[in-house]
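Student: Any chance you can model this:
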Amino acid sequence: MGFGDLKSASGLKVLNDFLQERSYIEGFVPSQADVAVFDAISTPPSAELCHALRWYNHIKSYHSQKNSLPGVKKPLGQYGPAAVADTTPSSTAVSKKNDEEEEEDDDDIDLFGSEEEDDSEAARLKEERLAEYAAKKAKKPTLIAKSSILLDVKPWDDETDMAKLEECVRSIQMDGLLWGQSKLVPVGYGIKKLQIGCVVEDDKVGTDLLEENITAFEDFVQSMDVAAFNKI
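Tutor: Presented below is the predicted three-dimensional model:
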């Protein structure tokens, strides 16, 4: 299925739903998958599609370095919900060639054994010991530095839909970010600001990154300030 036509409203709606619980098209960091989908979009998603717009603005910030992002671009249809398999002639030919090579390898099997078996057994034991060591090392707890941040998000005026503004802010999802409680605080002339807390992992999420993503919702957000910052 994939996303369909990303130049249409229906395709962008599928993308928005797909990104509701994801930060990127694949994995946990920007990659060529994001570039492929980004390049297929002709205009930025509307503010109503807050998840897609948040992702679009974030990937747009990598435009100058998009060629250096990890991964390899695949056909657009392979990204998204129930992405279709790659049935291009090149991939079919590669698969056929691999099958032929496997058949040739089967023909070369030595049924009587040799000294290579001893070497293989030694290599297998070495790999097992390395795996056991890595598993023990992984179990050791590591200290993760975290901070508790209280943000003030200011709207443009008293007519700004604050419920939609908060929805847009909470749509920002990334590794190392956890949103907390929020409330509306009067600032005067009938205007209220959104005060929202979050907990972040210091090595993954900073205030500059939060501000960049929040102020990207320019139809709702005028500015963002840090009201409180405490190490945990």
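Student: Adjacent strands (with direction) for the helix or strand harbouring residue 152?
Tutor: When elements are assigned from DSSP states H and E, residue 152 belongs to strand 146-155. Sheet pairing of strand 146-155 (DSSP bridges) gives strand 191-201 (antiparallel), strand 221-231 (antiparallel).
Student: ok, and what's touching the first one?
Tutor: Taking contacts as C-beta atoms under 8 Å, 6 or more residues apart in numbering, the residues outside strand 191-201 that touch it are 144-155, 157-158, 162, 165-166, 169-170, 175-187, 206, 210, 227, 232. Every C-beta, even on glycine, is put in place using the N, C-alpha and C of the backbone.
Student: avg pLDDT for that strand?
Tutor: Averaged over strand 191-201, pLDDT sits at 96.
Student: Tell me which residues of it come out buried.
Tutor: 191-198, 200-201 (16 or more other C-beta atoms under 10 Å).
Student: Lowest average confidence across helices and strands of the chain, where is it?
Tutor: None of the helices or strands of the chain scores lower by mean pLDDT, DSSP states H and E than helix 89-107, at a mean of 47.
Student: Toward the C-terminus, what is the element adjacent to that one?
Tutor: Remark: after helix 89-107, the chain's next helix or strand is helix 115-139, criterion DSSP H and E.
Student: starting at the chain centroid, how far to that following helix?
Tutor: Here helix 115-139 is found 34 Å from its chain centre; the criterion is C-alpha atoms, centre = their mean, to the nearest Å.
Student: same check, this time on stretch 39-54
Tutor: With C-alpha atoms, centre = their mean, you get 15 Å for stretch 39-54.
Student: How about residues contacting it?
Tutor: With contacts defined as C-beta under 8 Å, 6+ apart, stretch 39-54 is touched by 3, 6-7, 12-13, 15-17, 19-20, 56-57, 76, 164, 167-168, 171-172, 213, 216-217, 219-220.
Student: The residues you listed in helices, which ones?
Tutor: Among these, the residues falling in helices (DSSP state H) are 12-13, 15-17, 56-57, 164, 167-168, 213.
Student: how about those residues, which pair is most distant?
Tutor: Across those, the longest distance by C-beta to C-beta is 21.1 Å; it joins 13 and 213.
Student: Out of those two, name the residue with the larger neighbour count.
Tutor: Comparing residue 13 with residue 213 by neighbour count (other C-beta atoms under 10 Å), the higher total belongs to residue 213, at 24 against 16.
Student: what is the mean pLDDT for stretch 137-152?
Tutor: 83.
Student: returning to that earlier point: how about CSV for the strands paired with strand 146-155, with distance to residue 71 added?
Tutor: Shown next, in CSV, are these (distance: least, C-beta to C-beta, whole Å):
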stretch, distance to residue 71
strand 191-201, 23
strand 221-231, 31
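Student: pLDDT wise, what is residue 1 at?
Tutor: Residue 1 is assigned a predicted lDDT (pLDDT) of 60.
Student: I meant to write residue 74 there.
Tutor: With respect to pLDDT, residue 74 scores 88.
Student: wait, doesn't it sit right on residue 37?
Tutor: No - if you go by C-beta atoms under 8 Å, residue 74 and residue 37 don't touch, sitting 10.5 Å apart.
Student: hang on, the earlier thing: mind checking which of the strands paired with strand 146-155 is nearest residue 61?
Tutor: Counting by C-beta to C-beta, residue 61 lies closest to strand 221-231 out of those; the figure is 15.9 Å.
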